[in-house]
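Undergrad: need a 3D model of the sequence below.
(one chain, ligands or ions: 1)
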Amino acid sequence: MTRLWIKNPLAVHADGEAAGGVVIEGGVIAALVGAGDTPDHDASFDATDRVILPGLINTHHHMYQTLTRAVPDAIDKELFDWLKTLYPVWAGLTPDMISSSSELAMAELLLSGCTTTTDHHYVFPAGHEDAIDRQVAAASRLGIRVVLTRGSMSLSVEDGGLPPASVVQDEDTIMADSARLIDRFHQTGPLAMTQIALAPCSPFSVTKGLMSASAALAKARGVLLHTHLAETEDENAFCVETMGCRPLDYVEDCGWSETKSWYAHGIHFNDDEIARLARAGAGVASCSHSNMHLSSGICSACALEQAGVAVGLGVDGSASNDASNMIQEVRAAWLIQRLKYGSAAVSWRDALRWGTEGSARLLGREGELGRIAPGMAADLALFRLDEPRFSGAGDPLAALIVCGAHKADAVMVNGQWRVQDGELLGADLGEIMDSHRQYSRNLQTGAGQ
Ligand SMILES: [Zn+2]
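TA: Model prediction:
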């Protein structure tokens, strides 16, 4: 096996002294290199002028929404009205649009320094039976590590839910497909490149039977559970009105605290609920841009983490963020959590921890991902500081977050370079963007349906 020395970087965010860089072998970090040392190596990569971070980990997204960014009728709305505006547009999705939007989002994530991503795909109009299969194929083409969730909606507007009937499925269909996807794609070993999780969309779009059945299957098969929870006050009011309890009470009643779960947003939990989340070993994917965009509120990231809840970061769907940029998500978390907790309580290091090892812990991957240390996956993001925004910066690591890095120079996943010189390797970004733009036009104008 080749031993690749990534040598003499400007700075490394590592567990230990690594001023001389890192050595990669067989998809893992084999060694940290001290200043001035020369390790055993067969090949080298000159990282002069580059800052090395652990690859960033995105814990919440809806990649299909890259097709509906900045839709005029949906801008400036809060969550429920925003969703009701876009559901009819999403009903026009085609299977090829799922492939295209997944490729585009994964390319966008890689170029921002992200090496592992989740996705929460929950729209399955007729003919979309292979949507997750298509996402697995897209991830394999681009070489990004993924935890793809089999999302679902089963409660249409006719039955008291929010989505139209054309985008929901019945419980038996959803559960059969969930089991099929776990059998076919879920990898269990260390350094798994593809994992499957189960993700009913939200309390206002899923029947209680499906919430319970999903939890039972996830527990039986050892896969993670995911959903949106405590995102808005509207959601709390919906749950109290229709179910007589708060959102966390509801999912606990469906068995979600008996298996490993992570929740997107998690803004409106009270202290008692935060303690219950910690006891259940749950995680929260904080999505700062989305929460600001939709005026949903500010996640209590520090209180959650102090209580023992795993806190990770997520870009959320492109239509509620309008970007899939993980390094910018780290900066947004840093800013908004300082606004909430005060400047003494939150540093750029906290935000970086949430976007790396916090996200890894949330996914149950803390022993493999999210840190630069011997034995960890060779998932790295390298940034250059050669843009005007960095000119004059003192601490090169802090500068990435404080000055607002937005584009990685080189990205390695599982020991393989996927981005070099700021360009995607092994895939034609121009082609990906051309077809994505065409599908987006078709979807937004209703053409081709
Ligand atoms: Zn979401």
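Undergrad: and Gly312, bridged to which residues?
TA: Ala285 (DSSP bridges).
Undergrad: please tell me how far it sits from Tyr64.
TA: 21 Å (Cβ to Cβ, to the nearest Å). C-beta coordinates here come from the backbone N, C-alpha and C atoms, glycine included.
Undergrad: kindly report the same for Gly16.
TA: When Gly16 is compared with Tyr64 (using Cβ to Cβ), they lie 41 Å apart.
Undergrad: what do you get for Leu429?
TA: In terms of Cβ to Cβ, Leu429 sits 19 Å off from Tyr64.
Undergrad: of the two, who's got more company?
TA: Set Leu429 next to Tyr64 and count neighbours by other Cβ atoms under 10 Å: Tyr64 wins out with 26 against 15.
Undergrad: ok, now which ones touch the more buried one?
TA: By Cβ atoms under 8 Å, 6 or more residues apart in numbering, the residues touching Tyr64 are 90, 93, 97-98, 101-102, 121, 123.
Undergrad: residues in contact with the helix or strand containing Val23?
TA: Taking DSSP states H and E as the criterion, Val23 maps to strand 21-25. Residues outside strand 21-25 that contact it (Cβ under 8 Å, 6+ apart): 1-9, 12, 14, 29-33, 39-41, 47, 52, 372, 378, 380, 412, 415.
Undergrad: helices or strands up against the helix or strand following that strand?
TA: Under the assignment DSSP H and E, the closest C-terminal helix or strand after strand 21-25 is strand 28-33. Strand 28-33 sits against strand 3-7, strand 21-25, with contacts defined as 3 or more Cβ pairs under 8 Å, 6 or more residues apart in numbering; DSSP states H and E.
Undergrad: can you lay out the ones you listed as JSON lines showing mean neighbour count, distance to Asp395 and mean pLDDT?
TA: Shown next, in JSON lines, are the helices and strands packed on strand 28-33 (neighbours: other Cβ atoms under 10 Å; distance: least, Cβ to Cβ, whole Å; pLDDT from 0 to 100):
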{"stretch": "strand 3-7", "mean neighbour count": "21", "distance to Asp395": "21", "mean pLDDT": "98"}
{"stretch": "strand 21-25", "mean neighbour count": "25", "distance to Asp395": "19", "mean pLDDT": "98"}
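Undergrad: redo those strands as TSV? Include distance to Ser140.
TA: What follows is the helices and strands packed on strand 28-33, written out as TSV (distance: least, Cβ to Cβ, whole Å):
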stretch	distance to Ser140
strand 3-7	22
strand 21-25	21
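Undergrad: out of the ones you listed, flag the one nearest Gly404.
TA: For the helices and strands packed on strand 28-33, the distance to Gly404 is smallest for strand 3-7, at 24.4 Å, taking Cβ to Cβ.
Undergrad: dump that closest one to PDB, keeping only the CA atoms.
TA: Extracted in PDB, the C-alpha atoms of strand 3-7 (Å, rounded to 0.1, in the frame of the first residue of the first chain):
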ATOM      1  CA  ARG A   3       2.200   5.700   2.000                       C
ATOM      2  CA  LEU A   4       1.300   9.300   1.000                       C
ATOM      3  CA  TRP A   5       2.800  12.100   2.900                       C
ATOM      4  CA  ILE A   6       0.800  15.300   2.800                       C
ATOM      5  CA  LYS A   7       3.600  17.500   3.800                       C
END
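Undergrad: neighbouring strands for that strand, and are they parallel or not?
TA: strand 21-25 (antiparallel), strand 43-46 (parallel).
Undergrad: alpha carbons of stretch 275-287, as PDB, please.
TA: The C-alpha coordinates for stretch 275-287 follow below in PDB (Å, rounded to 0.1, in the frame of the first residue of the first chain):
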ATOM      1  CA  ALA A 275     -32.300  15.800  29.400                       C
ATOM      2  CA  ARG A 276     -34.400  13.100  27.900                       C
ATOM      3  CA  LEU A 277     -32.600  13.400  24.600                       C
ATOM      4  CA  ALA A 278     -29.300  13.000  26.300                       C
ATOM      5  CA  ARG A 279     -30.500   9.800  28.200                       C
ATOM      6  CA  ALA A 280     -31.700   8.300  24.800                       C
ATOM      7  CA  GLY A 281     -28.300   9.000  23.200                       C
ATOM      8  CA  ALA A 282     -29.900  11.200  20.600                       C
ATOM      9  CA  GLY A 283     -28.300  13.800  18.400                       C
ATOM     10  CA  VAL A 284     -29.400  17.200  17.000                       C
ATOM     11  CA  ALA A 285     -28.400  18.500  13.500                       C
ATOM     12  CA  SER A 286     -28.300  22.200  13.900                       C
ATOM     13  CA  CYS A 287     -29.000  24.100  10.600                       C
END
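Undergrad: mind listing what's buried in that stretch?
TA: 276-278, 280-287 (16 or more other Cβ atoms under 10 Å).
Undergrad: and of the residues you listed, the nearest to Ile298?
TA: Among the buried residues of stretch 275-287, and counting by Cβ to Cβ, the member closest to Ile298 is Ser286, at 9.0 Å.
Undergrad: quick one: contacts for the closest one?
TA: Applying Cβ under 8 Å, 6+ apart, the residues contacting Ser286 are 265-266, 299, 301, 311-314, 333, 354.
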